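1. quick one: sequence and predicted model below, then my questions.
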Amino acid sequence: MEEKDKKGYKVMDAETPGTDAMAPAGFSALGAIVKAEVDMQIATAKAYPRSIKRFRDEAMEMATLTEKIAEECMYALPRRERDKETGQMVKKTIEGPSARLGEIILSAWGNCRAGARPVGEDNEFVTCQGFFFDVERNVAVQREVKRRITTSEGRRYSADMVVVTTNAGCSIAQRNAVLAGIPKAFWSDIYDAARKTAIGDVKTLANKRSEMVAYFGKMGVTPDMILSTIGVVGIEDIGLDELAELKGIATALKEGDTTVEQAFPKPEKETEKKKGTEGVKEKIKETKEEKQEPAKEPQETGKAEAAKEEAKAEPPAQSTGGEGGGPPKGISDMEKKTIEAMDKAKGNKQLDEAWTKNVPADLKAKDRESYNRLADHYNARLRSFRP
């Protein structure tokens, strides 16, 4: 009588060979079929071993056959992370070979098996497992990928979207397994060649640049969103590297690696005039948080320190007349005009109008001291309106 474990699997001796050793009881016929298929592939692989040179030639030819194919061979995922030294949010792009290039490499490599399947699902993630088995070299690789199935608000995707996300996860898991099983030294220059074919050269840059802007425009992505994502000032500043990043993002969107909202977040404006007084309050709060030198705070600045620093920069305590004391000496005409307008304000609305009308939007970036003085003066005037 066969011995079985709690899950119904046959307990085999360590010396007992056979593919069906892991098959559930009653399914030995299926195990025999799988074993026969693998044995046949191994025998074929031994009879017709691969040629590395032929693999590289075929993969290179397929990956660079047309510009369209080459574009499908790379992906790019824009990310923003906090710099450990400065504490500022910086742009970072994750770029690499796509699932389509993985399929090309798998096809050219030959004598191998690959696939993927979902292996787990909970309330937030679906887990997919990809595998690669080189039957000629007897090398097997597995990789797992988790994909989120909830929105940014925490709501679970619909059933159809869960299926779409699972399929995308399986595609990524198979790619990861294939590219891990086939040594990178054999295909890295193939990826570089495909990337170069996709982006072209400086002669074709202007046309390709316009095509990418128009392509994303159909998805509702504005030029400002594109510029913010790739970190350049104008459309003309998009070079070959930025063009490669945009083409990689397009592939990532097609393969389900990212979404339009994740790839192209709306750019954050430094001054939000439409919010009125609330927007100015946010700017003042941000300014206060960014101040790190206690000597510049009015509450902690003594008269001696204020007099000492007067030659270098007007301290906030002197620049904030607050109750209509007028502008201090030694400041720019723009500051004088702004302070005078704020002193004449009779309420929050007029105070906000004085700020938005006279303070340049880029003042904070160009002249932080001037911006801080005006912000402190605004803050003092704002307090004077309170009962």
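-> Received, thanks.
2. what ranges do the helices span in the stretch 201-350 of the chain?
-> Here the stretch 201-350 of the chain has its helices, by DSSP state H, counting those that start in this stretch, at 202-217, 223-230, 240-255, 260-263, 277-290, 303-309, 316-319, 333-344, 348-358.
3. tell me the SS of Gly130?
-> Classification of Gly130 using DSSP: H, G, I helix; E, B strand; the rest coil returns strand.
4. next: the one 3 residues further on.
-> For Phe133, the secondary-structure state derived from three-state DSSP is strand.
5. and the gap between the nearest residue to Gly239 once chain neighbours are set aside and Met161?
-> Closest residue to Gly239 apart from its sequence neighbours, by CB to CB, 6 or more residues apart in numbering: Leu205 at 7.2 Å. Every residue, glycine included, has its C-beta placed from N, CA and C. Distance from Leu205 to Met161, counting by CB to CB, to the nearest Å: 37 Å.
6. how about stretch 332-343: buried residues?
-> Using 16 or more other CB atoms under 10 Å as the test for burial, stretch 332-343 gives Glu335, Thr338, Ile339, Ala341, Met342, Asp343.
7. sorry, wrong one. I was asking about stretch 85-101.
-> Result for stretch 85-101 [16+ other CB under 10 Å]: buried residues Thr93, Glu95, Pro97, Ser98, Ala99, Arg100, Leu101.
8. who are the packing partners of whichever strand or helix holds Gln41?
-> Taking DSSP states H and E as the definition, Gln41 sits inside helix 28-47. Here helix 28-47 touches no other helix or strand, going by 3 or more CB pairs under 8 Å, 6 or more residues apart in numbering; DSSP states H and E.
9. show me what whichever helix or strand comes after it is in contact with.
-> Following helix 28-47 in sequence order, the next helix or strand is helix 52-63 (DSSP H and E). With contacts defined as CB atoms under 8 Å, 6 or more residues apart in numbering, helix 52-63 is touched by 69-70, 73, 101, 104-105, 107-110, 186-187, 190-191, 193-194, 197.
10. gap between helix 52-63 and the chain center?
-> Taking CA atoms, centre = their mean, to the nearest Å, the mean C-alpha location of helix 52-63 is offset from the chain mean by 31 Å.
11. now it: mean pLDDT?
-> If you average the pLDDT over helix 52-63, you get 96.
12. which other residues reach stretch 114-131?
-> For stretch 114-131, using CB under 8 Å, 6+ apart, the contacting residues are 106, 113, 132-133, 140-150, 156, 162, 165-166, 169-178, 181.
13. thinking again about what came up before, contacts only, for the residue nearest to Gly239.
-> Neighbours of Leu205 in contact, by CB under 8 Å, 6+ apart: Gly239, Leu240, Leu243.
14. ok, it to Glu71 distance?
-> 15 Å.
15. how's this structure carved up into domains?
-> 52-264, 273-384 (automatic domain parsing).
16. nearest to Ala36, of the ones you listed?
-> Between Ala36 and the domains of the chain, the tightest spacing by CB to CB is seen for domain 52-264, at 13.3 Å.
17. that closest one: end-to-end distance?
-> End-to-end distance for domain 52-264, by CA to CA, to the nearest Å: 41 Å.
18. can you list the weak-confidence ranges in the protein?
-> 1-27, 267-330, 385-387 (pLDDT under 70).
19. now do the longest helix along it against helix 240-255, angle only.
-> In the chain, with assignment by DSSP state H, the single longest helix is helix 159-181. Put simply, helix 159-181 runs at 130 degrees to helix 240-255, going by axes from the mean of the first three to the mean of the last three CA atoms, to 10 degrees.
20. show me what secondary structure element comes after helix 159-181.
-> helix 184-199.
21. and that following helix with helix 159-181, angle?
-> 120 degrees.
22. list phi and psi for Gly234.
-> Gly234 adopts backbone torsions of phi -130, psi 170, taken as degrees, to the nearest 10.
23. with adjacent residues omitted, what lies nearest to it?
-> Leu227 (7.0 Å).
24. quick one: that neighbour and Leu246 touch, right?
-> No - Leu227 is beyond contact range of Leu246, at 10.9 Å (criterion: CB atoms under 8 Å).
25. Ile104 and Cys73 touch, don't they?
-> Yes - using CB under 8 Å, Ile104 makes contact with Cys73 at a distance of 7.1 Å.
26. now for the strand or helix carrying Leu106, which elements pack on it?
-> For Leu106, the host element (DSSP H and E) is helix 99-109. Under the contact criterion of 3+ CB pairs under 8 Å, 6+ apart, helix 99-109 touches helix 52-63, helix 159-181, helix 184-199, helix 240-255.
27. what helix or strand is the nearest residue to Thr197 once chain neighbours are set aside located in?
-> Excluding the flanking residues, the one nearest Thr197 by CB to CB, 6+ apart is Ala70, at 3.9 Å. Using DSSP H and E, the element containing Ala70 is helix 67-71.
28. what angle do the helix or strand that comes right after that helix and helix 223-230 make?
-> Counting by DSSP H and E, the next helix or strand C-terminal to helix 67-71 is strand 74-82. With the same axes, to 10 degrees applied, the angle from strand 74-82 to helix 223-230 works out at 80 degrees.
29. list the contacts of strand 74-82.
-> 88-98, 101, 191, 194-195, 198, 229-230, 244-249, 251-252, 255, 257-258, 263.
30. make it 6 Å
-> 89, 91-95, 98, 195, 229, 245, 248-249, 251-252, 257-258, 263 (CB atoms under 6 Å, 6 or more residues apart in numbering).
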